Every structure is written in C-alpha cells, then in structure tokens.
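A.B. asks: Need a 3D model of the sequence below.
(chains A and B)
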2 protein chains.
Amino acid sequence: MSGEGKTRRRGYHHGNLRQALVEATLEMIRERGPLGFTLAEAAREAGVSAAAPYRHFSGREELISEVARQGFELFAERLEKAWESAGTPLKAFEAVGRAYLDFARTNPGHYIAMFESGVSVAGNAGLNDAAARAMGVLTRAAEALFAHLPPDRRPPATMVSHHIWALSHGVVELFARGAPGRRAPFSAEDLLESGTAIYLRGLGLIPHDD
Amino acid sequence: MSGEGKTRRRGYHHGNLRQALVEATLEMIRERGPLGFTLAEAAREAGVSAAAPYRHFSGREELISEVARQGFELFAERLEKAWESAGTPLKAFEAVGRAYLDFARTNPGHYIAMFESGVSVAGNAGLNDAAARAMGVLTRAAEALFAHLPPDRRPPATMVSHHIWALSHGVVELFARGAPGRRAPFSAEDLLESGTAIYLRGLGLIPHDD
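C.D. replies: Got it, this is the predicted structure:
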C-alpha cells in the first residue's frame, strides 16, 4: 500500500494550493510533531507566501483538522477493504487489526494528526463523519464476531471496539514506531494478534486450550 | 498524589540550575509537545541564559532524557506503592492499572517525555535502569497472577505485561487526555478495568460467567 507524502514534491501548481498545504503539513507533523510548527512554516514548506494559507484555512487548527479528516477517510477505506477481504468474522477481525498497524506505519503523519494532535471533531462535521466511518468498521467487525451468540450473551460491541482500538493504538505507539532501545521481545504484529486472541477468548469467542 | 510542575515557579536559586531546566522542559513538553521547542527556549523558560544548559546537558536530547528518567523513577514508585497496597494478586494488578492511569493524568509532561518523545534508552544507563524498574513492576504483577497455576499453564509474563502496557497506554492516549469530542461512552478507568478483566479471563485467570 502506498504511504503518504509521495506526491507533494512534484511541485505546486496553480489550483492545488489547498492540497499542497495539506501535504506540507503532513511532512511537518512527521518531522516535528503536531505542535512543533507554525502556519507560516507550513506555508514556507509548501513554497507559498505566509498569507496564502488563509485563502483556504482559518488557521493552523483547521489545516491540521483537514489532514486528520483525509487520514480518517484513507483509514476507513483500508479497514473496510481488509474487513471485506477475509472469509470468516474472526479472520476479518484479524485482518482489520493488521490493516490498523499497517496504516499507522505507512501513514505516520496522518495517524499523528488523527490521534495525537488534539484536533476536535466537535463542530467539524466532515472530520466527525470520517472518524465515525473508520470507527464504524471496528464496531461492525466486533458485532459480526458475536452474531452467532444468543443476544443475552453478546458483549456491547462499542465496548469491544474501544478495547481493541486502545490495544491497537498502544501497540502502534509503543512498539510499531521503531524507537531505538524500546524494541519489545515481540513484534507489533505478534503482540496485537496474541493480545486480541486472548481478549476474544475472554469473551468466549475462541475456545480455551485450542 | 501531587502532580508535576508545582515547584518551578518558586524561582531559580544558585545550585538548582539543573533541576530548574528539567522543570522548565517539563512545562515546554506539556505546552508544545516533545519536538516543539529548542534548548534555548527551555533556558529562557527557566530564566537563564541560552548557554547555561550546556553546563549540565550536552543538548536537548539529554535534557529530555533526564525528564524521562525522573518520570520513570516516579512512575516506578507509584506502581510499586499501588502493587504493595492491595491484598490479592488480582486486586494488586488492578491497583497497578489505576496507578498507571493516575500517573499519566497527574504527570502528563513526564508521561510524554517517557513514551512519546523518542528518547532512546540505548547508551543511557540511568534511563534504562529507571524504565526497567517501572516495567518490572508490571511483569512482577503479572507473574504473581499466575503463581498458583502449574508451570505449563503459565503464560509468558513478559508477553502479558506488554499486552497490559499497550492496553493501558492506548487508553491513556485515546481516552484519558480529555481531547474534546473524543469522549468515549466509557471512562478511561472503566475501559481499562473491563478490558483487563476480559483479557485475564482469556488467560483462564478469572472464571467465565462470574
């Protein structure tokens, strides 16, 4: 799968200022974190004047929100594709987990904008819809796992998706970022897969001692 | 429990330059993230000249590493205290989880320096020891849970501590930071407790249907 930041260096052409700024911001986020640069610096990185961003964005926050929105759209696409590609609900659930890690690795700037920048979905319908679409895949993947259980034995799918989301995010942040010296004795993929399997067993979805 | 950043404003006195810089850096990290400021800006925040930090630190990375080291020492103390305060291994394990969340809430600058700044423990014995001490509490807490099981039924404690660490970290980052609009329908405490309980049930440590 292709990562982010592959297109920007083709240069800025009239008419794509908005997207050039988004892609410059992606690069700044990767290099300096979501708080480590000004709007003027993002403009310079995009090769435009410090005033130019205001033709499209009210400020830095709105620009980062747009990066996050595009990130959630891509994230949702990747998760949906993973979910649809696998046969059984369990295999699909595992495939969604792998797609989560894969997205965080290939799109670090998007991932940081989405989950570490502090942007708010309140009052931002586009960002809210994109985030809900992505999170909806996790929840539907969880619901499919329980569909064969009698209703009174089904755990709340929202709770399950939040647990899996937290576990996935923790694995990404601690073990998939390649911080030297913080290498776990297990790969990020193995940790997420084994952790998810134990968790699902705890929900009675995978037999014990298999 | 007292949080960070309570003492710095008492001012800089001769002899505590090193700690004044550490505390100024804590504040910069909280406000701008670990990549969002220069060493000169940290010096200004501490009320000293831009050259002064070099009397104690080789550069920005070493200063942030010292913040992280102090953070891991505090973190280890809090986790140890929580572990020792509770009666059964299960209650102790849950108390460690709550102490983890509590530390992340009360010491956000330390937490970010420890886990989000990219500082490396390689070649830094003090940081490495402090981190190992903190992580050791999680591993010992996991081992105590399995002590009553026959050896061939005990899961690897390192794997378990890594799963719980990832889940705790994910809950902290996604649900304990108070990002507006990213409010989960569950509190961070409830998510960590319920997620851990399901996980431990998956390990056969809590009976099903209790």
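
A.B. asks: okay, CA-based contacts and neighbour counts for the rest of this
C.D. replies: Will do.

A.B. asks: pretty sure A:S65 is in contact with A:A122, am I right?
C.D. replies: No. Using CA atoms under 8 Å, A:S65 makes no contact with A:A122, being 11.1 Å away.

A.B. asks: Which one's more surrounded, those two?
C.D. replies: Using other CA atoms under 10 Å in any protein chain shown as the criterion, A:S65 and A:A122 rank with A:S65 on top: 23 against 11.

A.B. asks: After the helix or strand where A:A141 lies, heading C-terminal, what element do we hit next?
C.D. replies: Taking DSSP states H and E as the criterion, A:A141 maps to helix A:125-146. Once helix A:125-146 ends, the next helix or strand along the chain (criterion: DSSP H and E) is helix A:157-175.

A.B. asks: now that following helix, how far from the centre of its chain.
C.D. replies: Distance of helix A:157-175 from its chain centroid, counting by CA atoms, centre = their mean, to the nearest Å, is 11 Å.

A.B. asks: just stretch A:89-99 next, same as before
C.D. replies: When distances are taken as CA atoms, centre = their mean, stretch A:89-99 is centred 15 Å away from the chain's centroid.

A.B. asks: outside of it, which residues touch it?
C.D. replies: Residues from elsewhere that reach stretch A:89-99, judged by CA atoms under 8 Å, 6 or more residues apart in numbering or on different chains: A:78-80, A:82-86, A:138, A:141-142, A:144-145, A:168, A:189, A:192-193.

A.B. asks: List buried residues within those residues.
C.D. replies: A:78-80, A:82-83, A:138, A:141-142, A:144-145, A:168, A:189, A:192-193 (16 or more other CA atoms under 10 Å in any protein chain shown).

A.B. asks: among the residues you listed, which are within reach of chain B?
C.D. replies: A:168, A:192 (CA under 8 Å from any CA of the partner chain).

A.B. asks: Quick check: the two most widely separated of the buried ones among the contacts of stretch A:89-99?
C.D. replies: The most widely separated members of those, counting by CA to CA, are A:A144 and A:E189 (22.2 Å).

A.B. asks: Enumerate every residue touching the closest residue to A:T139 other than its chain neighbours.
C.D. replies: Of all residues not flanking A:T139 in the chain, A:S161 sits nearest, at 5.2 Å (CA to CA, 6 or more residues apart in numbering or on different chains). When contacts are counted by CA under 8 Å, 6+ apart, A:S161 touches A:135, A:138-139, A:142.

A.B. asks: mind putting these in TSV, pLDDT and distance to A:H56 included?
C.D. replies: Below are these laid out as TSV (pLDDT from 0 to 100; distance: CA to CA, whole Å):
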residue	pLDDT	distance to A:H56
A:M135	91	28
A:L138	93	33
A:T139	93	34
A:A142	91	39
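
A.B. asks: Nearest to B:Q19 among those?
C.D. replies: A:M135 (43.1 Å).

A.B. asks: Quick one: neighbours of the closest one, just the number.
C.D. replies: Neighbour number of A:M135 under other CA under 10 Å is 20.

A.B. asks: what about chain A, any weak spots by pLDDT?
C.D. replies: A:1-3, A:5-15, A:178-184, A:207-210 (pLDDT under 70).

A.B. asks: got the residue ranges for the helices in it?
C.D. replies: If DSSP state H is used as the criterion, the helices of chain A fall at A:17-32, A:39-46, A:60-85, A:89-106, A:108-115, A:125-146, A:157-175, A:188-202.

A.B. asks: quick one, which of the ones you listed is nearest to B:R201?
C.D. replies: Of all those, helix A:188-202 sits nearest to B:R201, with 4.6 Å by CA to CA.

A.B. asks: Spit out the contact partners of the residue most central in space within chain A.
C.D. replies: Against the mean C-alpha coordinate of chain A, by CA atoms, centre = their mean, the closest residue is A:Y111 at 4.7 Å. Contact partners of A:Y111, counting by CA under 8 Å, 6+ apart, are A:68, A:71, A:103-104.

A.B. asks: can you list these in TSV and add distance to chain B and neighbour count?
C.D. replies: Formatted as TSV, the contacts of A:Y111 follow (distance: CA to the nearest CA, whole Å; neighbours: other CA atoms under 10 Å in any protein chain shown):
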residue	distance to chain B	neighbour count
A:A68	13	29
A:G71	16	27
A:F103	16	23
A:A104	14	21
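
A.B. asks: Just give me the closest of these to B:P156.
C.D. replies: Of all these, A:A104 has the smallest distance to B:P156: 27.0 Å, by CA to CA.

A.B. asks: what sits against the closest one?
C.D. replies: A:111, A:172.

A.B. asks: try A:A52
C.D. replies: Neighbours of A:A52 in contact, by CA under 8 Å, 6+ apart: A:A43.

A.B. asks: mind checking how far it is from A:R201?
C.D. replies: 54 Å (CA to CA, to the nearest Å).

A.B. asks: separation between A:F93 and chain B?
C.D. replies: The spacing between A:F93 and chain B, counted by CA to the nearest CA, to the nearest Å, is 17 Å.

A.B. asks: no wait, A:P108
C.D. replies: A:P108 is 13 Å from chain B, by CA to the nearest CA.

A.B. asks: Report the spatially closest residue to A:H169, excluding sequence-adjacent ones.
C.D. replies: In space, A:H169 comes closest to B:G170 once its chain neighbours are excluded; the distance is 5.1 Å by CA to CA, 6+ apart.

A.B. asks: what's the spacing between that neighbour and B:E77?
C.D. replies: For B:G170, the distance to B:E77 - CA to CA - is 22 Å.

A.B. asks: Between the two, point out the one with more neighbours.
C.D. replies: With neighbours defined as other CA under 10 Å, B:G170 and B:E77 compare such that B:G170 has more, 27 against 15.

A.B. asks: Go ahead and confirm the more buried one touches A:L167.
C.D. replies: Yes. Counting by CA under 8 Å, B:G170 touches A:L167, with 5.7 Å between them.

A.B. asks: Can you say which of the helices of chain A is nearest to B:F115?
C.D. replies: helix A:157-175 (7.2 Å).

A.B. asks: How about the contacts made by the residue nearest to A:R44 when sequence neighbours are not counted?
C.D. replies: The spatially closest residue to A:R44, leaving aside those adjacent along the chain, is A:A50, at 6.9 Å (CA to CA, 6+ apart). Shown in contact with A:A50 (CA under 8 Å, 6+ apart): A:39-41, A:43-44.
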